[in-house]
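Undergrad: return a 3D structure for these sequence lines:
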Amino acid sequence: MEVTIRKMGNSQGVLIPKPILAQVGLEGSADLQVRDGVIEIRPVRRNPREGWAEDARRLAEHGADARVWPELANEGDSDLVW
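TA: This is a model prediction of the structure:
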């Protein structure tokens, strides 16, 4: 798709159609880099476990950290030597 580079304030830019943004999962912010002479715009990759420690601490404070599943064992597990 050919796009026009437009003046935007003191900068220049291109308008990216909404369907293209949706197709690559861009919304809010993006990671912009230049690699080998190519401008790359990618979704910001966040650590998928970001905030887990704080959430676990909060759950424990409210007593909501009990096991959902009972302890599982197989017959003969006590005979195994690790």
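
Undergrad: what's in contact with the helix ranked longest in the chain?
TA: Determined from DSSP state H, the single longest helix within the chain is helix 52-61. Residues outside helix 52-61 that contact it (C-beta atoms under 8 Å, 6 or more residues apart in numbering): Asp65. No exception for glycine: its C-beta is placed from N, CA and C like everyone else's.

Undergrad: any idea of the mean pLDDT for it?
TA: The average pLDDT within helix 52-61 is 91.

Undergrad: did I read that right, Val34 in a helix?
TA: No. Applying DSSP: H, G, I helix; E, B strand; the rest coil, one finds Val34 to be strand, outside a helix.

Undergrad: is the closest residue to Ala30 other than its chain neighbours within a helix or a strand, and which one?
TA: Distances taken as C-beta to C-beta, 6 or more residues apart in numbering put Ile41 closest to Ala30, at 5.1 Å, once the chain neighbours are dropped. According to DSSP states H and E, Ile41 maps onto strand 38-43.

Undergrad: got the CA coordinates for that strand in PDB?
TA: Extracted C-alpha coordinates of strand 38-43, given in PDB (Å, rounded to 0.1, in the frame of the first residue of the first chain):
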ATOM      1  CA  VAL A  38      13.400  -0.400   7.300                       C
ATOM      2  CA  ILE A  39      11.100   1.300   9.700                       C
ATOM      3  CA  GLU A  40       9.400  -1.300  12.000                       C
ATOM      4  CA  ILE A  41       6.300  -0.600  14.000                       C
ATOM      5  CA  ARG A  42       5.400  -3.400  16.400                       C
ATOM      6  CA  PRO A  43       3.100  -3.900  19.400                       C
END
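
Undergrad: tell me the strands beside that strand, with direction?
TA: Take DSSP bridges as the rule and strand 38-43 pairs in its sheet with strand 30-35 (antiparallel).

Undergrad: show me which positions of the partner strand end up buried.
TA: Under the neighbour-count criterion of 16 or more other C-beta atoms under 10 Å, strand 30-35 has nothing buried.
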